[in-house]
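> The following block contains a protein sequence and its predicted model.
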Amino acid sequence: MPRNDKDSRRRCMPLAEWPDDDRAAWEGAIRIAGPLDDPRLAAHWSPKTRHTTISAYGRYLTFLDLNGWLFPGERVQDRVPFDWLKAYIDEIMVQVKSVTAAGRIRGLAEALRVMVPGVEFPDVKRARYRLKAMAIPSRDKRSKIVPSERLVQLGLKLINEAETGTFFRDPGRACTYRDGLMMLLMACRPLRRANFAIMQIGEHLTKINDAYQIAYDATEMKGQRHYSSIVSREITPFVDRYLEYYRPILLKNLRSSRVWIAMGGHEMVEGTLYQIITRRTKDEFGWSLSPHLFRDCAVTSLGDEKPELVWAGMSLLHHANPRTTEKHYDQALSDKAVNDYQEVVRSKRRGLTRRRRNRQVSCLLKEIA
């Protein structure tokens, strides 16, 4: 019997509640293949990608269930007839923003692709790319971007405040220093939030001579490619100071290999990292920047200063596809072109004003004469 509870319609059905055939198809897609087995399409996916895809497919199963269309024993490829898919898209387009709706259909398409390989879903594919083209970001991202230099300055400002300011308790001072160092590292090495939050001493952050190296295994990265980068030696003293003095204050008597420790000695999670970064940037700039926007700030700043260094931006953001990076550069180049054009217009107007003023003066002189 279909239910009509408003909140239940937004629920993503957990994997444990999926029909047996759907769950078996998913588990087969992510199973690690042996040397003589055919490779599984989702076996290499990161935990986050798997979670996103499970949520998207689970959301569709919830829709089917609430409408009485989730039939036991039905094949996965038979669950997306045109009418059901259309009704589902109509529902989510009302519930969420266009970008989120496009993400839901993209996740559904990816789930079907790996769960029933070799089967075509033309309606889902068409909907996926049309919704992507129609998606309108709900926020003006470009208006929030600031030069990375200002992010570095904010990090140094917080570090200096922690070292010289007056605090009621040492944990407050330690949190301020930690936040400044996070700001500094994210501005210089704009990792994705998930990677930055799980950073561990000796595994992801290692001191080599007088500089720190940040490295992640391929299985930990979104693009399934190993990441390694040496942080500027200028930042080494700040990292040393945090690890040797402020981090133990935050840890209290607890033990952890995580770099980022929250108040109370707990390992910092992504949500806490997000809240800290958005709060600190809003206090400084008047608007909040998410950790992901640091990546846009980095590549846009590079594009503003040296547009020809597109490959440097690709390496900076650890993109495998240059087109992903070029999107950011296109924005930077477009803005520069507009600014250049406006400057030409202003110079023309100044020239016209000068010529007009000169003619007026000439006329006045003739009248006086």
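Ah, there it is. Numbers count the residues shown, from 1 in each chain.
> can you map out the strands along this protein?
Assigned by DSSP state E, the chain shows strands spanning 205-208, 211-216, 227-230.
> Go through those and pick out the most buried.
strand 211-216 (a mean of 17; mean count of other Cβ atoms under 10 Å). Every residue, glycine included, has its C-beta placed from N, CA and C.
> Would you format the strands of the chain as CSV with distance to residue 30 included?
Formatted as CSV, the strands of the chain follow (distance: least, Cβ to Cβ, whole Å):
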stretch, distance to residue 30
strand 205-208, 30
strand 211-216, 21
strand 227-230, 23
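> right, so of those strands, which gets closest to residue 65?
Across those, residue 65 has its closest neighbour in strand 211-216 (38.4 Å, Cβ to Cβ).
> which secondary structure elements does that closest one contact?
Using 3 or more Cβ pairs under 8 Å, 6 or more residues apart in numbering; DSSP states H and E, the elements in contact with strand 211-216 are strand 205-208, strand 227-230, helix 236-241.
> Let me see the mean pLDDT of that strand.
Averaged across strand 211-216, pLDDT comes to 93.
> The chain should start at 38 in everything you say after this.
Let's use 38 as the start, then, which means that last one is strand 248-253.
> From the rest of the structure, what touches it?
Outside strand 248-253, the residues within contact range by Cβ atoms under 8 Å, 6 or more residues apart in numbering are 226, 228, 232, 236, 241-244, 263-270, 272-273, 276.
> Could you do stretch 312-330 as well?
Here stretch 312-330 makes contact (Cβ under 8 Å, 6+ apart) with 178, 181-183, 187-188, 191, 194-195, 216, 219-220, 223, 229-230, 233, 310-311, 331, 334.
> give me that answer again for 7 Å
The contact list for stretch 312-330 (Cβ atoms under 7 Å, 6 or more residues apart in numbering) reads 178, 181-183, 191, 216, 220, 223, 230, 233, 310-311.
> Which entries within those residues meet the buried criterion?
Applying 16 or more other Cβ atoms under 10 Å to the contacts of stretch 312-330, the neighbour count classes 181-183, 191, 216, 220, 223, 230, 233, 310-311 as buried.
> Just these: which are in helices?
181, 191, 216, 220, 223, 230, 233, 310-311 (DSSP state H).
> Can you tell me which of those residues comes closest to residue 83?
Set against residue 83, the nearest of these by Cβ to Cβ is residue 230 (13.3 Å).
> most centrally placed residue in the chain?
residue 329 (3.7 Å; Cα atoms, centre = their mean).
> Out of the strands of the chain, which is closest to residue 58?
Nearest of the strands of the chain (Cβ to Cβ): strand 248-253, 35.9 Å.
> Grab the CA positions of the closest one and hand them over as PDB.
C-alpha atoms of strand 248-253 as PDB (Å, rounded to 0.1, in the frame of the first residue of the first chain):
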ATOM      1  CA  ALA A 248      59.700  19.900   4.200                       C
ATOM      2  CA  TYR A 249      56.500  18.000   4.600                       C
ATOM      3  CA  GLN A 250      55.100  15.600   2.000                       C
ATOM      4  CA  ILE A 251      51.400  15.000   1.600                       C
ATOM      5  CA  ALA A 252      50.600  11.700  -0.100                       C
ATOM      6  CA  TYR A 253      47.500   9.500  -0.600                       C
END
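> Pull up the per-residue confidence for the closest residue in space to residue 57 that isn't next to it in sequence.
Among residues not flanking residue 57 along the chain, residue 109 sits closest, at 7.9 Å (Cβ to Cβ, 6 or more residues apart in numbering). Here the pLDDT value assigned to residue 109 is 87.
> from memory residue 109 sits against residue 56, does it?
Yes - if you go by Cβ atoms under 7 Å, residue 109 and residue 56 touch, sitting 6.0 Å apart.
> Let me see the contact set for the spatially closest residue to residue 291 that is not a sequence neighbour.
Spatial nearest neighbour of residue 291, chain neighbours left out: residue 302 (4.0 Å); criterion: Cβ to Cβ, 6+ apart. When contacts are counted by Cβ under 7 Å, 6+ apart, residue 302 touches 287-289, 291.
> List only buried entries from those.
Of the contacts of residue 302, these count as buried by 16+ other Cβ under 10 Å: 287-288.
> Next one: the residue lying closest to residue 214 once chain neighbours are set aside from residue 94, what distance?
Spatial nearest neighbour of residue 214, excluding adjacent residues (Cβ to Cβ, 6+ apart): residue 199 at 3.7 Å. Remark: distance between residue 199 and residue 94 (Cβ to Cβ, to the nearest Å) = 46 Å.
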